[in-house]
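[1] the following block contains a protein sequence and its predicted model.
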Amino acid sequence: MKKVRMPKIKVLAIVGPNASGKSALAVRLARRFGGKIISADSRQVYRRLDIGSGKITKREMQGIPHHLLDVADPRRPYSAGQYQRDASQVLRYIVTKNKLPIICGGTGFYIDALLGVISLPEVPPNLKLRKALVKKSTPKLYTILKKLDPQRAKTIDRHNPVRLIRAIEVAKALGRVPRPSRTSHYDVLKIGIKLSDTELKKRIHRRLLARMHKGMVAEAKHLHAKGLSWKRMEGLGLEYRYLAYYLQRKMTKKEMLEKLEREIWHYSKRQMRWFKRDKEIIWISPKNIPAAISRTQHWLRPKS
RNA sequence: GCGCCGGUCGUAUAGUGGCAAUUACACCACGCUGUAAACGUGGCGCCCUUUGGGCUACGGGGGUUCGAGUCCCUCCCGGCGCA
């Protein structure tokens, strides 16, 4: 007996490190194949974090709708779980419009969450519990988790307080953490942009200076004036963290630029490391847009 | 020329008789189950049969000592002070 299966929904994903030219490629492909873009960037979800987060401009969008940009208040934390819900909804909506959903972004964790590669337990953050737990030492947190969910304790990184706190939070609510499913229910074509270290460093440098010109410092100053605390800004990482240090006079402008550039570079390497593990990604050079187009064309063609 | 201080892993630093030798940054490698631009781990003199062993090392040379970045002598280099 033959099982009739619905064809999987096709989703295109453009990934790569910071400053690699993902956004431009995504727009190109969206125009060519009738797509709409779903951003997958944990900082660009926030309103008014524009220059510092390297958000695409209206002009650069070239009329292509971009979703999951500016959906959250920077003063309140957004999360991967929330992203999973919001983005899934948008994805379904794009499909009903008969358009090709194109995920574009550098936050690998968010992409995996959206595609269902990792399933996040439906346990909302418990701020009160977290507040109590952060005061505890890491070994203590580990002991607590071990008591609540020995299974999880076996595989977790026992030195990582953030992981431990979340695991305790989940264990308290559910008893134990469900195992993740490792397969996606979408038909995904993943295209990654790869550059040499020297090229990437060069781009990071140029882009940072360009954004300084565009008024990145003023943006951060303005965000603080509008109620974004320094502490919160530092917690956002990279640009905002170092901008906050600089504006509080914790470091000079020169120090800020030097440290920040290095941090951005480190971050890019972390992104690449995340993506490298995904064997489905087809890697292309930033110059090779034709390759991306032909790959997509081929993949879009109906089978049999 | 005299006096003082100092020369230790890429850089900065700790170490005053048992040291392949501290810490930070950089560098390299890695992890991640609702904070993911966050958060965390390991390596970092060379070699090997790698929970162990060998070799080479704290500016150069010599000495004291069972044993020396660590004490002594001498030379070289840098900083400061006096000439």
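    Thanks, I have the structure now.
[2] which residues in the stretch 201-304 of chain A form strands?
    Ranges of strands in the stretch 201-304 of chain A, per DSSP state E, counting those that start in this stretch, are A:282-284.
[3] how about the residues of it near RNA strand B?
    Neighbours of RNA strand B within the stretch 201-304 of chain A, by Cβ under 7 Å from any atom of the strand: A:235-241, A:262-263, A:265-267, A:269-271, A:273-274, A:277. From N, CA and C alone the C-beta is placed, and that goes for glycine too.
[4] what do you get if the cut-off is 10 Å, keeping everything else the same?
    A:201, A:234-243, A:258-277 (Cβ under 10 Å from any atom of the strand).
[5] next one: phi and psi at the residue sitting nearest the centre point of chain A?
    With distances taken as Cα atoms, centre = their mean, the residue of chain A nearest its centroid is A:Thr107 (2.2 Å). Here is the backbone geometry of A:Thr107 (degrees, to the nearest 10): phi -90, psi 90.
[6] now do A:Val15
    Backbone torsions of A:Val15, given as degrees, to the nearest 10, read phi -120, psi 170.
[7] contacting residues for the spatially closest residue to it that is not a sequence neighbour?
    In space, and not counting its chain neighbours, A:Val15 is closest to A:Gly192: 4.8 Å by Cβ to Cβ, 6 or more residues apart in numbering. Applying Cβ atoms under 8 Å, 6 or more residues apart in numbering to A:Gly192 gives the contacts A:Ile14, A:Val15, A:Gly16, A:Phe275, A:Ile281, A:Ile282, A:Trp283, A:Ile284.
[8] got the phi/psi numbers for the nearest residue to the residue nearest to the centre of chain A once chain neighbours are set aside?
    Of all residues not flanking A:Thr107 in the chain, A:Ser42 sits nearest, at 4.5 Å (Cβ to Cβ, 6+ apart). When read as degrees, to the nearest 10, the backbone of A:Ser42 gives phi -70, psi -10.
[9] just the pLDDT for whatever residue of the stretch 101-250 of chain A ends up closest to RNA strand B.
    At 1.9 Å from RNA strand B, A:Gly237 is the closest residue in the stretch 101-250 of chain A, using Cβ to the nearest atom of the strand. Note on A:Gly237: pLDDT of 91.
[10] could you measure from it over to A:Ala113?
    Relative to A:Ala113, A:Gly237 is positioned 19 Å away (criterion: Cβ to Cβ, to the nearest Å).
[11] and if you look at A:Arg301?
    Applying Cβ to Cβ, the value for A:Arg301 to A:Ala113 is 29 Å.
[12] between the two, who's got more neighbours?
    More neighbours surround A:Ala113 than the other of A:Arg301 and A:Ala113, with 23 against 7 (other Cβ atoms under 10 Å).
[13] follow-up on the earlier one: dump the contacts of A:Gly192 to a markdown table, plus pLDDT, distance to A:Pro65 and neighbour count.
    Shown next, in a markdown table, are the contacts of A:Gly192 (pLDDT from 0 to 100; distance: Cβ to Cβ, whole Å; neighbours: other Cβ atoms under 10 Å):
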| residue | pLDDT | distance to A:Pro65 | neighbour count |
| --- | --- | --- | --- |
| A:Ile14 | 97 | 15 | 30 |
| A:Val15 | 97 | 20 | 25 |
| A:Gly16 | 96 | 21 | 26 |
| A:Phe275 | 96 | 25 | 20 |
| A:Ile281 | 95 | 25 | 19 |
| A:Ile282 | 95 | 25 | 13 |
| A:Trp283 | 96 | 27 | 15 |
| A:Ile284 | 95 | 24 | 18 |
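[14] perfect, that will be all.
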